[in-house]
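Peer 1: Fold the following, please.
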Amino acid sequence: MFFSVVKVTLLVLLSVLFLFVLIATLTIGVFDRDLLRENFYKHELQQANFYERVYTDVMPEIKDLPSYYGGIVITTQEQDQLIRKIIPPQWLQEQVESALNSAIPWLRSETDQLDVAIDLKPAKQRASPVVLQFIRKKLSSLPECPPGQEPDLSRVAYGEFPDCLPGKPGSSERIVLVDQVIPLVTPYINRNIALAPDKLDLVEEAAEEDNRTREEFLERFDAARTITDWTINKTGLFLAYLALAVLLSLIALLNIGHLRALLRWVGGTMLFTALPLLAIGLYAHIAGPGLVENNMAEGVDNVPASIIKLASDLSGSAIKEISWTFVLPAIVITGIGLVLFVLSFVVQRQKETVGD
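Peer 2: Below you'll find the predicted structure:
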């Protein structure tokens, strides 16, 4: 009797321990296959059409965008058109993916060099000719001034366009006048473009927001990098699965010589620990994106709606992908556990039939 109580107690403890190790195993799997892989983020950004939506949705709502377009007085639509030419989507994608290629290996402790700075000098070099070409086209297309009306061309030197110009669009008179105006506005444009930053260091920006130095900010990730190094680079996932196998082996050993009990305890442990985790993973896969969208909409103030929408779409898509990585091993373990658990009853029936 005493032995039976001890045995059952040990089996229950091993089953509970199996649950916690299984949770850790599935979590490590998510980090190993998704969260600590550059391609995961690149794929999610492309799936959400991120690089196009930055221009169509986000930039029109950013009021303090650096004056890469030279500070000229233009409409929001014209500003967006210029920014797209100065900072094209393909270039933006290259910069983001370059930052990911540096940040993720650093987080995995594969390198101690973290470089997530975006070099904006090429954009500034593109800006001046693009903006001056736009100004030339803008001036050339202005309507002809009525007889007797003289436009104030002095404000052009400060990025302000008159309502009209002498001469019809395309006429030699208009072409000569535009050629005279462009040199007047060029210094103003170049001065404003020069005010835009040459470099955007994401780490320094984050450290400044946190009121820390760069070194102090990075030190906060030391523990995470150490854990990541152990779990990813030092076969943590393999050891986690090995621990699961050891626990199941111990459960089997406690039931050695009793096939039905062995199958029932091993199968039941796998089934009733993996099944709730499977349900949680499926729920996250189905309902997670909607919950993220609702929480973001309610929990963020003073942020443009387009940015919230883009962030929620990215997060929702990532949750679906992550939950599937979590669910697949849980499905396998649940399936094996179900087969073994059912088989324990089949074995019992067969024995009873033979006895009869």
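
Peer 1: Helices of the protein, start to end?
Peer 2: 2-30, 38-47, 50-53, 76-86, 89-107, 121-140, 172-195, 202-209, 214-219, 222-228, 236-254, 259-299, 305-355 (DSSP state H).

Peer 1: For residue 153, find the nearest of those.
Peer 2: Counting by CB to CB, residue 153 lies closest to helix 172-195 out of the helices of the chain; the figure is 6.2 Å. C-beta coordinates here come from the backbone N, C-alpha and C atoms, glycine included.

Peer 1: Next, the buried residues of the closest one.
Peer 2: 174, 177, 178, 181, 182, 185, 186, 188, 189, 192, 193 (16 or more other CB atoms under 10 Å).

Peer 1: can you check stretch 33-42 too?
Peer 2: 33, 34, 35, 36, 37, 38, 40, 41, 42.

Peer 1: With pLDDT added, can I get the residues you listed in JSON lines?
Peer 2: What follows is those, written out as JSON lines (pLDDT from 0 to 100):
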{"residue": "33", "pLDDT": "88"}
{"residue": "34", "pLDDT": "91"}
{"residue": "35", "pLDDT": "89"}
{"residue": "36", "pLDDT": "88"}
{"residue": "37", "pLDDT": "91"}
{"residue": "38", "pLDDT": "92"}
{"residue": "40", "pLDDT": "93"}
{"residue": "41", "pLDDT": "93"}
{"residue": "42", "pLDDT": "93"}
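
Peer 1: Just the pLDDT for residue 50.
Peer 2: Residue 50 carries a pLDDT value of 90.

Peer 1: that older thread, please identify the one among the buried residues of stretch 33-42 that lies nearest to residue 323.
Peer 2: residue 34 (10.0 Å).

Peer 1: nearest residue to the closest one other than its sequence neighbours?
Peer 2: residue 40 (4.7 Å; CB to CB, 6 or more residues apart in numbering).

Peer 1: got any ranges where the chain has weak pLDDT?
Peer 2: 1-2, 61-67, 233-234, 297-303, 348-356 (pLDDT under 70).

Peer 1: Grab the nearest non-local neighbour of the residue nearest to the spatial centre of it.
Peer 2: Central residue check for the chain by CA atoms, centre = their mean: the C-alpha nearest the mean position is that of residue 41, 5.2 Å away. Spatial nearest neighbour of residue 41, chain neighbours left out: residue 100 (5.4 Å); criterion: CB to CB, 6+ apart.

Peer 1: before we move on, the earlier item: would TSV of the buried residues of helix 172-195 with distance to residue 294 be doable?
Peer 2: Shown next, in TSV, are the buried residues of helix 172-195 (distance: CB to CB, whole Å):
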residue	distance to residue 294
174	56
177	57
178	53
181	53
182	52
185	49
186	50
188	47
189	45
192	41
193	42
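
Peer 1: just to revisit the earlier point, which of the buried residues of stretch 33-42 sits closest to residue 200?
Peer 2: residue 41 (18.3 Å).

Peer 1: Surely that closest one and residue 101 touch.
Peer 2: No - when contacts are counted by CB atoms under 8 Å, residue 41 is not listed as touching residue 101 (10.2 Å).

Peer 1: count of neighbours near residue 207?
Peer 2: Applying other CB atoms under 10 Å, we find 18 residues neighbouring residue 207.

Peer 1: Now for it: which residues touch it?
Peer 2: Taking CB atoms under 8 Å, 6 or more residues apart in numbering as the criterion, residue 207 is in contact with 213, 214, 216, 217.

Peer 1: what's the third one in contact with, if anything?
Peer 2: To tie it back to what came earlier, the one meant is residue 216. So residue 216 contacts residue 207 (CB under 8 Å, 6+ apart).

Peer 1: what do you get for the last one?
Peer 2: Applying CB under 8 Å, 6+ apart, one finds that residue 217 lies in contact with 203, 206, 207, 210.

Peer 1: ok, the residue nearest to the second one when sequence neighbours are not counted to residue 224 distance?
Peer 2: In space, residue 206 comes closest to residue 217 once its chain neighbours are excluded; the distance is 6.3 Å by CB to CB, 6+ apart. With distances defined as CB to CB, to the nearest Å, the gap from residue 217 to residue 224 amounts to 13 Å.

Peer 1: ok, now residue 296?
Peer 2: Counting by CB to CB, the gap from residue 296 to residue 224 is 24 Å.

Peer 1: Compare these two (neighbour count), which wins?
Peer 2: Ranked by neighbour count (other CB under 10 Å), residue 296 and residue 224 place residue 296 first, with 18 against 11.

Peer 1: Can you tell me how far the more buried one is from residue 205?
Peer 2: On the measure of CB to CB, residue 296 and residue 205 end up 22 Å apart.
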